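The sequence and its predicted three-dimensional model are supplied below.
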Amino acid sequence: MNAKEKTSDAGSGTALKSALNACRASFMSAAFFSLFVNLLMLLPAIYMLQVYDRVLTSGSESTLLMLTLIVVFLFIVLGGLEWLRAQILVVSSMRLDALLGPKVHDAIFARTLTSGGRQADAQPLTDLDRLRQFLTGQGLFAILDAPWLPIYVAAMFMVHPWFGVAAILAALVLMVLAVWNEVATRDLLQDANKHETKASLNTAAHLRNIEVIESMGMLPRLRERWSEAHDAALRSHSQASRRAGLISALSKTFRLTVQTLILGLGAYLALRRDISAGAVIAGSILLGRALAPIDALIGNWRGVVSARAAYGRLSALLPVTPDRPAPMPLPEPRGEYRIDKLVIQPPGARAPLIDGLSLVIDAGIQVGVLGASGAGKSTLLRALLGLHKPKSGELRLDGAELDHYRRESIGRHIGYLPQDVELLDGTVAENIARFGDVDPDAVVAAAELAGVHAMILGFADGYETRLDSGFVLSAGQRQRVALARAVYKAPKIVILDEPNSNLDEAGHTALHRALLELRRMRSTVVIVTHLTHVLSQVDRILLLVAGKLALYGPRDQVTSKLQQAAARVAEPASVHRAADVHVSIAGAAND
């Protein structure tokens, strides 16, 4: 994108308007060509007038020959202009895609992050394809040709005023049919799109959970739910198609009828000697050409509506995720977190999952995070990664807010292993190298640290093995490859969310070795785990209870307080309830 386009982007308000403004000159050129295309479309009528009124009356074969040669030449020019106009729109559509494609792609990811994964769909990319296809389709050509209707109406008035009046009346009737088509199908098509989107999202979610669905016999019931949404979309589409088909049939019938009746009108005027015989044929040709764009709009209305809906959805998406000026590069992080009265309420949550948290994680230490299910452990890790924005309070890395770092630069210094591991389509080496330039030595070092080097060498293609639908790793294997990805090139910050959930004994050994190596490299490690042998390696322990800090301090000190709290709950007079545990922990924290 050049400087002019960037300036336009800043002033237009949305990336979509900016991209369309960047292509405006091309659209205007296409419209300019449309003027000459439509002027040359008068040729058949003019040719018929000359043949009937000049050639047939004079009997001059040379005149016929010259007229024919001129018309053929002009038709070749017409074809060239049509081709140029189409090529301009093709180039414009490709340019629009180049300008918007990366923005829409990134906006999908940004929306998914801000919505907590509830809006994880690629519909905007489909919308961009629909908009691009519309720019090269018959619907847009009809729109470009429709404004030149007055040219044909004026030509018909020149033939005879009654012809002009007939053209205006016929155009008005077709415009009424076009508006009727819009009103009759708009709500139905919107409803169909809503149900299609719902069915698509449900199917994607079902495919991600196929093993659970199949093992517990849930497929028939889920198929019924998919069928409900799919059938609702079909009903709306079918009803819209029936209405559009009826209106399209009425439009074509009316146009053919009017074109035939105009011949009768012309014959009547010719009998009265108001016009010539050539004008009768010319009037019919002109009327057909005048009404063709409107008729084409009605026939391609579904594509017009689809493109308009796509434009509306893209217009709503892109301003929500506007381009931010790239922040000034900051030094490589040391890994010190300072958290003050932090409140995190993820999208869709009714209450904060982290409430008033204050603590300091010094650079180079290892912190174990404990807490019951729903205590906010994973929420805290995502906040440390910058995936959840604070509702209030502060979370700073080396004194700077996470938004002050360039994501692509700070990402090199962060390793993250989530609970649910998904590897991406690519080779094992590409996955470990995070799809950047593959450093063979660093990839092997990370694999050895995660204890997967021997396992990878056992694959048929080793590190070049593609991890796609044709090659399936077990949950434990995926977790260990993801651990190698997390420790690739010794990041300064490593966030591990239940990294041992799917590991076997060899995997636990590899995790233990990885933590020791990360300690040697002075990486800051925050790990969620309940395993005693893992907690024995950390420097500090953080205990969360209902999103609040219950305990935080040196490992031995916190462990001692937890043991005291457990002893209190275990006393015979105690009632073994979660409330007692929380009270005991709070008491231990105040000791």
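Thanks, I have it. Since the model is a prediction, treat every value here as computed from it, not as a measurement. Numbering: from 1, shown residues only.

Now do the strands in the stretch 401-550 of the chain.
Taking DSSP state E, counting those that start in this stretch to define them, one finds strands in the stretch 401-550 of the chain at 414-417, 493-497, 524-528, 540-545, 548-554.

Can you say which of these is nearest to V472?
Checking those against V472 by Cβ to Cβ gives strand 414-417 as the closest, at 19.8 Å. Just so you know, the C-beta spots here come from the backbone N, C-alpha and C atoms, and that holds for glycine as well.

Show which residues not belonging to that closest one make contact with it.
The contact list for strand 414-417 (Cβ atoms under 8 Å, 6 or more residues apart in numbering) reads 385, 479, 482-483, 485-488, 491-497, 499, 523.

Spatially central residue in the chain, please.
Taking Cα atoms, centre = their mean, the centroid of the chain lies closest to P124, which sits 3.5 Å from it.

Could you measure from it over to F163?
48 Å (Cβ to Cβ, to the nearest Å).

Please apply the same query to S241.
From S241 over to F163 (counting by Cβ to Cβ), the distance is 35 Å.

Which one's more surrounded, these two?
More crowded of S241 and F163, by other Cβ atoms under 10 Å: F163, with 26 against 16.

Looks to me like that one is in a helix.
Yes: membership of F163 in a helix is supported by DSSP: H, G, I helix; E, B strand; the rest coil.

Please name the residues that touch it.
M156, F157, I262, L265, G266, G283, L286, L287.

beta partners for L370?
L543 (DSSP bridges).

and it, what does it touch?
L370 neighbours (Cβ under 8 Å, 6+ apart): K377, V528, H530, L535, I541, L542, L543, L544.

What's the separation between the nearest residue to the third one once chain neighbours are set aside and L483?
Read that as H530. If the residues on either side of it in the chain are set aside, H530 comes closest to L370, at 6.8 Å by Cβ to Cβ, 6 or more residues apart in numbering. Relative to L483, L370 is positioned 21 Å away (Cβ to Cβ).

rewinding a little: among the contacts of L370, name the least confidently predicted one.
For the contacts of L370, the weakest pLDDT value sits at H530, with 78.

So what's the residue count around that residue?
For H530, using other Cβ under 10 Å, the count is 12.

Return the distance of it relative to S501.
10 Å.

Any buried residues in stretch 553-561, and which?
G553, R555, V558, T559, K561 (16 or more other Cβ atoms under 10 Å).

residue ranges of the strands in the stretch 201-350 of the chain, please?
Counting by DSSP E, counting those that start in this stretch, the strands of the stretch 201-350 of the chain are 337-344.

Show me where it has its helices.
For the stretch 201-350 of the chain, helices defined by DSSP state H, counting those that start in this stretch occupy the ranges 210-215, 219-271, 277-299, 301-320.

To S29, which of those helices lies closest?
Of all the helices of the stretch 201-350 of the chain, helix 277-299 comes closest under Cβ to Cβ, at 19.0 Å.

Just the CA atoms of that closest one, as CSV, please.
Extracted C-alpha coordinates of helix 277-299, given in CSV (Å, rounded to 0.1, in the frame of the first residue of the first chain):
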residue,chain,number,x,y,z
ALA,A,277,-40.4,0.9,-41.5
GLY,A,278,-36.8,1.0,-40.2
ALA,A,279,-37.9,3.0,-37.2
VAL,A,280,-40.3,0.2,-36.3
ILE,A,281,-37.5,-2.3,-35.9
ALA,A,282,-35.1,0.2,-34.4
GLY,A,283,-37.6,1.2,-31.7
SER,A,284,-38.0,-2.5,-30.6
ILE,A,285,-34.2,-2.9,-30.4
LEU,A,286,-33.8,0.3,-28.4
LEU,A,287,-36.5,-0.6,-26.0
GLY,A,288,-35.0,-4.1,-25.4
ARG,A,289,-31.6,-2.5,-24.8
ALA,A,290,-33.0,0.1,-22.5
LEU,A,291,-34.8,-2.4,-20.3
ALA,A,292,-32.0,-5.0,-20.3
PRO,A,293,-30.0,-3.6,-17.3
ILE,A,294,-33.1,-3.4,-15.1
ASP,A,295,-34.1,-6.9,-16.1
ALA,A,296,-30.6,-8.2,-15.4
LEU,A,297,-30.7,-6.5,-12.0
ILE,A,298,-33.8,-8.4,-11.1
GLY,A,299,-32.4,-11.7,-12.4
